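Asker: pasting the sequence and the predicted model now:
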Number of protein chains: 2
Amino acid sequence: MNIAIPLYPRFTALDAVGPYTVLAFAPGCTVTFVAGERGPVADDHGTLSITATATYADLPAPDVIVVPGGSGTFDALADEALVGWIRQAHEHTRWTTSVCSGSLLLGKAGVLEGVRATSHWGVLDELKRYGAEPVSERVVTAGKIVTGAGVSAGIDMALTLLGEAGGVEVAESVQLLIEYDPEPPFDCGSAKKATQEMMGRALSLLP
Amino acid sequence: MNIAIPLYPRFTALDAVGPYTVLAFAPGCTVTFVAGERGPVADDHGTLSITATATYADLPAPDVIVVPGGSGTFDALADEALVGWIRQAHEHTRWTTSVCSGSLLLGKAGVLEGVRATSHWGVLDELKRYGAEPVSERVVTAGKIVTGAGVSAGIDMALTLLGEAGGVEVAESVQLLIEYDPEPPFDCGSAKKATQEMMGRALSLLP
C-alpha cells in the first residue's frame, strides 16, 4: 500500500509523524512525503524540517493520502498545486485521510460535501464552509474518508485505518510495538474537558 | 529553555517528534535537532529524514536533552561523538531525558548507574548492563533524569517534564492544544496487556 503525506510550510510535525510512524511499521506499506518540490519543508515552529522525497507530479495516485494540519493550513488553502493534487488523488485513493486542520484542505479540494468530518477543536466549525458536517469526535470514518481531530489524534486515526486496511492483528501489533498505552498526565486534552479560558491559553501558544 | 534532540541513523521518528511537538509549543522553549554533522538524518524505515541544524560541538550545554530510540540505537552505542556528547551535556543539564531505547544511550554514557529508568518493553532488561534499575512504567522520574517507555510514551514523558519545568498550567495548555485525549482503538499497547505471541509479532515488524 502506497501512502503519501503532503508537506507544506508550517505544518505541525506530530500531525504528519504520528500517522507516518504507525503506517510505516505495517508490513507492505510504504510512506512517502510529497510536496511541490523535493527537499526539506519546515514546520510551524521553523525548527523541524522533514525532507519531501517526491513531488505531487511524481505521485499522482497513491492508495492512501494523509493530509496534516498546522498553522500553515490557512495559507495552504490557496496552494492550488496541493489542493489540486488532493482533488485528483482522491479519485483513485482507497482512503483519503487527514489530521487536525488538514481536513480543511480536504474540504477545499471539494471532497467533504455532505460528509461527516472532524478537525482540531479550534477550527471545527470552519468545515461548514466546505459543506461538511463537523463532528466533535476523535476519529470520524465516512466511507473512504477518515478524519482525525487535533495533532495527536493522528495516531488514533492511523491505527483505526490500519485496522480496516491491514486487519486488526496488524494494527494491534503496531500499537504494541509503538507502546501506545497512553497515560496523559492531565485530563484536559479535549475541548469538552476545557474551559473557555483554557482554550484561549492553548490557542495563544500557536506560532 | 534550550532543548536538544540528537538524531542518529535509524532513529524512530515518533520518539523524537512526540516530545519535540510538545516542547516546541511551550513558551520560552527552543528545540534544536543535533547530530554529528548538520543535514538530514534518516529514520529506521529510511523514508523520513529530519534535518539536524546543529552539530554536537555547536550545542555542548543545552538545558534539556531528549534522546530518542530506534532500530539504530545498538549501532549508536558505538558512536562516541553521540555518547560523549550525552555524557558531557548531562553535567550541565536541568533535565536529561530519553524515549524508548534511547535510555540505553543514557546508560552507555554512564549516567544511569543506580538509577531507576524505563525503556521500550523489548529492551528493558538491557538497562541492567549499565547499572540501571529497569522499571516497567510509562514515565520514570529519577532526580533530573526522566525516561519514557516505547515510542509514543515520549508524548507523556514530555508533558510530564513540561509540568515540572514550566508549570502545570503550561503543560495543560499544550496538552489541550495538541488535543491529547487519546482513544487507542485496541487495548494492547503495553507488554502487560500482550501475549508472548503478540510481542513476537510486534517485534517482527521492526525494520
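Answerer: Received, thanks.

Asker: how many neighbours does A:Phe25 have?
Answerer: When neighbours are counted by other CB atoms under 10 Å in any protein chain shown, A:Phe25 registers 25. Yep, even glycine has a C-beta here, placed from its N, CA and C like the rest.

Asker: thought it was touching A:Ile178?
Answerer: Yes - with contact taken as CB atoms under 8 Å, A:Phe25 and A:Ile178 are classed as touching, separated by 7.1 Å.

Asker: and A:Met1, what does it touch?
Answerer: Taking CB atoms under 8 Å, 6 or more residues apart in numbering or on different chains as the definition of contact, the neighbours of A:Met1 are A:Ala26, A:Gly28, A:Cys29, A:Thr30, A:Asp63, A:Val64, A:Arg94, A:Ala165, A:Gly166.

Asker: could you redo the last one with a cut-off of 10 Å?
Answerer: For A:Met1, the contact set (CB atoms under 10 Å, 6 or more residues apart in numbering or on different chains) comprises A:23, A:26-31, A:62-64, A:94-95, A:162, A:165-166.

Asker: any idea how far the residue most central in space within chain A lies from chain B?
Answerer: The geometric centre of chain A, computed from its C-alpha atoms, lies nearest to A:Val99 (CA atoms, centre = their mean), at 2.4 Å. Using CB to the nearest CB, to the nearest Å, one obtains 10 Å as the distance from A:Val99 to chain B.

Asker: sec struct for the spatially closest residue to that residue that is not a sequence neighbour, please.
Answerer: With CB to CB, 6 or more residues apart in numbering or on different chains as the measure, A:Gly154 is the residue that lies nearest to A:Val99, at 3.6 Å, once sequence neighbours are left out. Following DSSP: H, G, I helix; E, B strand; the rest coil, A:Gly154 is assigned to helix.

Asker: what's the burial count for A:Gly154?
Answerer: Count around A:Gly154 with other CB under 10 Å applied: 32.

Asker: that one touches A:Ser119, doesn't it?
Answerer: No - the pair A:Gly154 / A:Ser119 is not scored as a contact, 11.9 Å apart, by CB atoms under 10 Å.

Asker: strands along chain A, start to end?
Answerer: Chain-ordered strands for chain A, with DSSP state E as the definition, fall at A:2-6, A:30-35, A:39-42, A:49-52, A:54-55, A:64-67, A:95-99, A:116-117, A:133-134, A:139-142, A:145-148.

Asker: can I get the ones you listed in a markdown table including mean pLDDT?
Answerer: A markdown table is the format used below for the strands of chain A (pLDDT from 0 to 100):
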| stretch | mean pLDDT |
| --- | --- |
| strand A:2-6 | 98 |
| strand A:30-35 | 98 |
| strand A:39-42 | 98 |
| strand A:49-52 | 98 |
| strand A:54-55 | 98 |
| strand A:64-67 | 98 |
| strand A:95-99 | 98 |
| strand A:116-117 | 98 |
| strand A:133-134 | 98 |
| strand A:139-142 | 98 |
| strand A:145-148 | 98 |
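
Asker: burial of the closest residue to A:Trp95 other than its chain neighbours, as a residue count?
Answerer: Spatially, and ignoring its direct neighbours in sequence, A:Trp95 is nearest to A:Val64 (4.7 Å; CB to CB, 6+ apart). The number of residues packed around A:Val64, counting by other CB under 10 Å, is 24.

Asker: sorry, back to before: show me the beta-bridge partners of the residue nearest to the centre of chain A.
Answerer: Using DSSP bridges, the bridge partners assigned to A:Val99 are A:Gly148.

Asker: swap in A:Val66?
Answerer: A:Thr97.

Asker: and it, what is it in contact with?
Answerer: The contact partners of A:Val66, taken as CB under 10 Å, 6+ apart, are A:3-6, A:15-16, A:18-20, A:22-23, A:31, A:95-99, A:102, A:146, A:148, A:154, A:157-158, A:161.

Asker: make sure A:Pro19 is actually in contact with A:Val139.
Answerer: No - under the criterion of CB under 10 Å, A:Pro19 is not in contact with A:Val139, lying 11.3 Å apart.

Asker: if I look at these two, which residues touch both of them?
Answerer: When contacts are counted by CB under 10 Å, 6+ apart, A:Pro19 and A:Val139 have A:Thr97, A:Val99, A:Gly148, A:Ala153, A:Gly154, A:Ile155, A:Asp156, A:Met157, A:Ala158, A:Leu159, A:Leu161 as shared neighbours.

Asker: now which of those would you call buried?
Answerer: With burial judged by 16 or more other CB atoms under 10 Å in any protein chain shown, the buried subset of the shared contacts of A:Pro19 and A:Val139 is A:Thr97, A:Val99, A:Gly148, A:Ala153, A:Gly154, A:Ile155, A:Asp156, A:Met157, A:Ala158, A:Leu159, A:Leu161.

Asker: which ones are touching the third one?
Answerer: Spelled out, it's A:Gly148. Each residue near A:Gly148 by CB under 10 Å, 6+ apart is listed here: A:15, A:18-19, A:66, A:68-69, A:97-100, A:102-103, A:117-120, A:137-140, A:154-158, A:160-161, B:179.

Asker: returning to what we had before: ok, the residue nearest to the centre of chain A to A:Pro27 distance?
Answerer: Going from A:Val99 to A:Pro27 by CB to CB, to the nearest Å gives 23 Å.

Asker: repeat for A:Gly150
Answerer: Look at A:Gly150 and A:Pro27: by CB to CB, they are 29 Å apart.

Asker: more neighbours, the two?
Answerer: A side-by-side neighbour count of A:Gly150 and A:Pro27, using other CB under 10 Å, places A:Gly150 first with 31 against 11.

Asker: in contact with the nearest residue to that one once chain neighbours are set aside, which residues are there?
Answerer: When the adjacent residues along the chain are set aside, A:Gly150 lies closest to B:Glu179, with 3.0 Å between them (CB to CB, 6+ apart). The neighbourhood of B:Glu179, defined by CB under 10 Å, 6+ apart, consists of A:99-100, A:118-122, A:138, A:148-154, A:189-191, A:202.
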